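**Q** give me a 3D structure for the following:
(2 chains)
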Protein chains: 2
Amino acid sequence: MTGPADTHLLLRAFADELGRCAVAGACTSPGSRSSPIVLALTADEQITTWSHLDERVAGFFALGLAKATGRPAVLTCTSGTAAAQYLPAVIEAHEAGVPLIVITADRPPELREVGAGQAIDQIKLYGDAVRWFFDVGTHEATPERGRWIRTLACRAVATAEGRFGDRPGPVHLNWALREPLIPPAEMPEDPQPGRPDRAPWVRIGRAPVAAGNLPDALMSARRGVIVAGGLRDPAEAELIVEFARELCWPLLADPLSGCRSGDAAIAHYDAFLRHGAPATPDLVLRVGDLPTSKPLRQWLASFDGPQLAFGEPGAWADPDGVLTDVIPGSPGSLAGVMLLLGQPYAPPDYPLAPADPGWLQLWRDADDAAARGIATALGEGLSEPTVAAAITSALPETAALVVASSMPIRDVETFAPVDAPARVLSNRGANGIDGTLATAFGVAAGHDGPVAVLLGDVAFAYDLSALLCATRHGQALAIVVLNNNGGGIFEFLPLSTIDRSTFEEHVATPPGLEIAKAADLYGCDHVEPADLPAFHAALEAALASDRTTIIEVRTERAANVALHREVWAAVSAALDTR
Amino acid sequence: MTGPADTHLLLRAFADELGRCAVAGACTSPGSRSSPIVLALTADEQITTWSHLDERVAGFFALGLAKATGRPAVLTCTSGTAAAQYLPAVIEAHEAGVPLIVITADRPPELREVGAGQAIDQIKLYGDAVRWFFDVGTHEATPERGRWIRTLACRAVATAEGRFGDRPGPVHLNWALREPLIPPAEMPEDPQPGRPDRAPWVRIGRAPVAAGNLPDALMSARRGVIVAGGLRDPAEAELIVEFARELCWPLLADPLSGCRSGDAAIAHYDAFLRHGAPATPDLVLRVGDLPTSKPLRQWLASFDGPQLAFGEPGAWADPDGVLTDVIPGSPGSLAGVMLLLGQPYAPPDYPLAPADPGWLQLWRDADDAAARGIATALGEGLSEPTVAAAITSALPETAALVVASSMPIRDVETFAPVDAPARVLSNRGANGIDGTLATAFGVAAGHDGPVAVLLGDVAFAYDLSALLCATRHGQALAIVVLNNNGGGIFEFLPLSTIDRSTFEEHVATPPGLEIAKAADLYGCDHVEPADLPAFHAALEAALASDRTTIIEVRTERAANVALHREVWAAVSAALDTR
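**A** Purely as a prediction, here's the structure:
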């Protein structure tokens, strides 16, 4: 028979195990039904908690927290539409392979589907977007159930981490809670305390890595090209940089890969591939997600030699159907890269072809020419491209940069230089602009160093209420808003040629917000630099500030399109005069 | 073989049929993939379109539009997390029986699950929360497919309306779109134009109503009580009012029922039932949703005589398991009420028991005593209860009032007088506070008259970005914010007795926003009346204004709890001296 303390005892044991498994932290939201979960999480000294009144914000915050730390982040909310608010972030986490542990409070069975308040059908609410759904039920706090619930917590963490062979991703535990919803004044002792020395109840390891057979094409390739898109683990990115340098293979590195550094890194492929590749490789090796660049994708689609990629369960990144070989395993997985490097799991006679520095130089020349063309066309004015270049070069190694999908991520890909030291993050699982600010605040919660955000005014207006993190948590972000009053990316599409009134109202959707007033509402500093030196100064001050600063850069959508076209023409001219 | 115009021809035919079926309007959001749908809807002269950059706002706006008009509202967005943003509103519509037609743009099959941008799994994205999911696919614009797509539109509307016997609710059409995403300059003629005289392609009727057998208990009851909760159709509410008056049965009417009027209406049941019912009926008849009042629910749970309710497919409203008879049919359905009234479908010898005015008087006396107690305790000061009473009595018959879940809906239920003329609406399907402002703007889009909103500061902060409707659509709302800086409802719960620091941070979650600055950001007027007469003046001015006005009333959470307790004591005293 359950007593008033049982639920609370089991929840505390569950929270204890989450802490022992080193989750990144927990995001709570207000509610009555969920209060036992919130109380258990906040009472646990191992877990940092973050309160959010908007569950959509909480969802993206947790996503950012997990991305920044590489550890699962916990989300908990009350029953009803609160749980539905998590769906956008859950889908992004699913697509991007980010570990989340979603714990939704629910009514017990006798209060479901009988018209009781705030009760909806939460069973499998997130469909196939979670790695695991489990309906926890209600239990007596016996030692047996204590062991069961502690094990359940460890399994949830390990499943979110992808330790059983799946990709990392979200898991969903739906937790029925009966009254009383607050613990008794005198809590009985835990009938099943945790293991000694703060060990998790059950240690769930990682599958041992066996040496795989590498495709023959890779063994014999001499003039390869590596295309590196978004990677989850910065440490693995370093191995890829080293691998490319050793082989003298050009490394076409999206800033999201963390690989845009070293002698082999090529930055401006988006710019020069519009005019063709400098030469044809004998192999393309893809690591990580596909970069955003359309010219790069078109070039990959047109290349009919061997193309290799790593393949994870449930994910497949080849819209053009041109891959010839897939190596099962995480794209940035340690095992995969070490195999390529020939240490320590590769066969001892692993026959890497000898490096050909001339091959790399062909690509370096194109990259340098593109850089010259870009510099000529852009000049020193304040524009969306110069801001994208400036912010990536100015941020120190300790910093992280969160970039909105749509134009900012494309401009960062095109214009960020090689060796920009800061880590770049973006929600490229489902490419939504929703939740950009909340994600950035979550990154700031997990990142050890300053965090900047680059986003447009539509993404800013969309996620405005995430700015409550600045006041409620006292968090400091450097937020750069490219304000062209509307969705600038649509101006690049044939869509922009339709009736302009419909285009403005239904496609560009100018928010018309005064950014300074938004800053004032949420207690943020606001600055509008007049030129590029002033932008640099503002960014430096914002990074050093203990308050959130919004740096507004006003641009015009039509002028921005024209400027991009000038860049492409200048790159073409520079390539011609190589 | 499909040509560049085919998709656009079929979408225009589909939009044409939506217009012929008299949908309430369509909400769009920006995107490239969805642009063919947006262009077809905006080009159709029968359909009013509303642009929203945040799909969550769009979802609740459409919900409000459908509630206000009783007609299905259309929602369309691009692929990816945009579609996930609709889930909270879709769930509320599912639970509350509100017709929505959700059209999500999707990538065609060859661009799904291959790493193409902004592609997620949209198949059955809303799970069991929609009445119908259909994956439309891509098609040639032949006359045969023209007929098929026109029929599909009519079926979507009729399914959302519940014409096939289910409750009204959301339907989801997932529409794969291939490039080119804009129509050719010269559009060919529609291969299958619509029917003459703007008739829908297929007229889908309503099931003929047959006379049912009424439970014996109803036939013989003499001292019945009617409990009326939220009803969807104001016209049907009037029949219930008439029925109660004819039988002299007290009508315990939640303001959401539209039945709190006429001689039989009882307003303050929440107040006096805390101290017991004035007498025991021989029958309880429930119509509509269960009201929110906890004392009412407890009294219903304790009453062991016959309790009757109407039952709709998929909905069951009896958390305490005390119903004795269920009459299948919509609670406010015309047929059901007419049967009760004995006209015209009831058997000719329908034996209604003779009315007993003394029975009603017992309840009227209790209601009057409660009203006196309330008036004594509240006085004429500005407080959450006096604002709830004032706004409901002051709004004219032409107005509609949208009330947030949590405290405002409870205060309106407790304190609104009989015969307050305005229609009252609230999201009580899943009882979320999310989307309250967006719902209200949607109501304003569909309601012929002024619209006011009553909500707390947490709900206001949650849905702040919906205020873009004030500027982007030029909509005028009278928004009354009860600002007690936090979730006031939680102060009434045992939860408020926990550690206050945890309570404040994780349960009360004070947003700390200056409402005046929020008003300024979104171009709204702001006024903070100092007393009740000033509140009335501000409300009157706001209702007459063509701009959105935010009326801020500052209160304190602890004082509000104390005031409610004073009211209950005063009601008890007034009941004792009847």
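**Q** any idea how far the longest helix along chain A is from the chain center?
**A** For chain A, the helix with the greatest residue count under DSSP state H is helix A:357-378. Relative to its chain's centre, helix A:357-378 lies at 29 Å (C-alpha atoms, centre = their mean, to the nearest Å).
**Q** other SSEs contacting that helix?
**A** Packed against helix A:357-378 by the contact rule (3 or more C-beta pairs under 8 Å, 6 or more residues apart in numbering or on different chains; DSSP states H and E) you find strand A:265-266, helix A:269-272, helix A:384-394, helix A:557-576. (Glycine included, C-beta is placed from N, CA and C.)
**Q** try 10 Å
**A** strand A:224-228, helix A:234-247, strand A:251-253, strand A:265-266, helix A:269-272, helix A:384-394, helix A:407-415, helix A:557-576 (3 or more C-beta pairs under 10 Å, 6 or more residues apart in numbering or on different chains; DSSP states H and E).
**Q** out of these, deepest packed?
**A** Neighbour counts (mean count of other C-beta atoms under 10 Å in any protein chain shown) averaged over each of those peak at strand A:251-253, with a mean of 32.
**Q** from the contact counts, what lies against that one?
**A** Against strand A:251-253 (3+ C-beta pairs under 10 Å, 6+ apart) you get strand A:224-228, helix A:234-247, strand A:265-266, helix A:269-272, strand A:283-287, helix A:294-302, helix A:357-378.
**Q** domains of chain A?
**A** Domain assignment of chain A by automatic domain parsing yields the ranges A:6-198, A:216-364, A:379-576.
**Q** which ones are touching the residue lying closest to residue A:317 once chain neighbours are set aside?
**A** Nearest residue to residue A:317 in three dimensions, chain neighbours excluded: residue B:115, at 2.9 Å (C-beta to C-beta, 6 or more residues apart in numbering or on different chains). Neighbour list for residue B:115: A:95, A:229, A:289-290, A:297, A:309, A:315-320 [criterion: C-beta atoms under 10 Å, 6 or more residues apart in numbering or on different chains].
**Q** what helix or strand does residue B:115 sit in?
**A** Here residue B:115, judged by DSSP states H and E, is contained in no helix and no strand.
**Q** pLDDT wise, what is it at?
**A** What the model reports for residue B:115 is a pLDDT of 85.
**Q** stretch A:173-183 near chain B at all?
**A** Yes: judged by C-beta under 10 Å from any C-beta of the partner chain, stretch A:173-183 and chain B are in contact via A:179-183.
**Q** neighbour count, pLDDT and secondary structure added to these, as TSV?
**A** Below are these laid out as TSV (neighbours: other C-beta atoms under 10 Å in any protein chain shown; pLDDT from 0 to 100; DSSP: H, G, I helix; E, B strand; the rest coil):
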residue	neighbour count	pLDDT	secondary structure
A:179	12	89	coil
A:180	15	91	coil
A:181	21	93	coil
A:182	18	91	coil
A:183	20	93	coil
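**Q** which pair in these spans the largest distance?
**A** The distance between the two most remote of the residues of stretch A:173-183 next to chain B (C-beta to C-beta) is 12.0 Å, for A:179 and A:183.
**Q** what's the overlap in contacts for the two?
**A** Shared contacts of residue A:179 and residue A:183, counting by C-beta under 10 Å, 6+ apart, come down to A:4, A:7, A:36.
**Q** which residues touch residue A:82?
**A** Counted by C-beta under 10 Å, 6+ apart, residue A:82 has contacts A:29-31, A:33-34, A:54-56, A:58, A:76, A:104-105, A:118, A:120, B:88, B:430, B:432-434.
**Q** how about residue A:13?
**A** Contacts of residue A:13 (C-beta under 10 Å, 6+ apart): A:40, A:141, A:145-150, A:152-153, A:190-194, A:201.
**Q** can you tell me which of those is nearest chain B?
**A** residue A:40 (11.2 Å; C-beta to the nearest C-beta).
**Q** separation between the closest one and residue A:138?
**A** Separation of residue A:40 from residue A:138 (C-beta to C-beta, to the nearest Å): 15 Å.
**Q** and the two? Which one has more around it.
**A** Taking neighbours as other C-beta atoms under 10 Å in any protein chain shown, residue A:40 and residue A:138 compare with residue A:40 leading, 25 against 14.
**Q** residue contacts, the more buried one?
**A** A:7-16, A:18, A:26, A:47, A:76, A:103, A:183.
**Q** of those residues, which belong to helices?
**A** A:7-16, A:18.
**Q** of those, which is the most crowded?
**A** residue A:10 (29 neighbours).
**Q** what's the closest non-adjacent residue to it?
**A** residue A:149 (4.8 Å).
**Q** and that neighbour, that's in a strand?
**A** No: counting by DSSP: H, G, I helix; E, B strand; the rest coil, residue A:149 is not part of a strand but helix.
**Q** contact partners for it?
**A** Contacts of residue A:149 by C-beta under 10 Å, 6+ apart are A:9-14, A:16-17, A:136, A:139, A:141, A:192, A:201.
**Q** now the phi/psi pair for the residue nearest to residue A:317, please.
**A** phi 80, psi 10 (degrees, to the nearest 10).
**Q** where do the strands sit along the stretch 101-250 of chain A?
**A** Under the criterion DSSP state E, counting those that start in this stretch, the stretch 101-250 of chain A contains strands at A:132-135, A:170-176, A:224-228.
**Q** any chance of these in TSV, with mean pLDDT and distance to residue A:244 too?
**A** Compiled in TSV, these are given as follows (pLDDT from 0 to 100; distance: least, C-beta to C-beta, whole Å):
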stretch	mean pLDDT	distance to residue A:244
strand A:132-135	97	37
strand A:170-176	98	33
strand A:224-228	95	5
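**Q** so which of these is nearest residue B:522?
**A** Nearest of those (C-beta to C-beta): strand A:170-176, 33.5 Å.
**Q** can you list the strands that the closest one pairs with?
**A** Here strand A:170-176 has these sheet partners by DSSP bridges: strand A:100-106 (parallel), strand A:132-135 (parallel).
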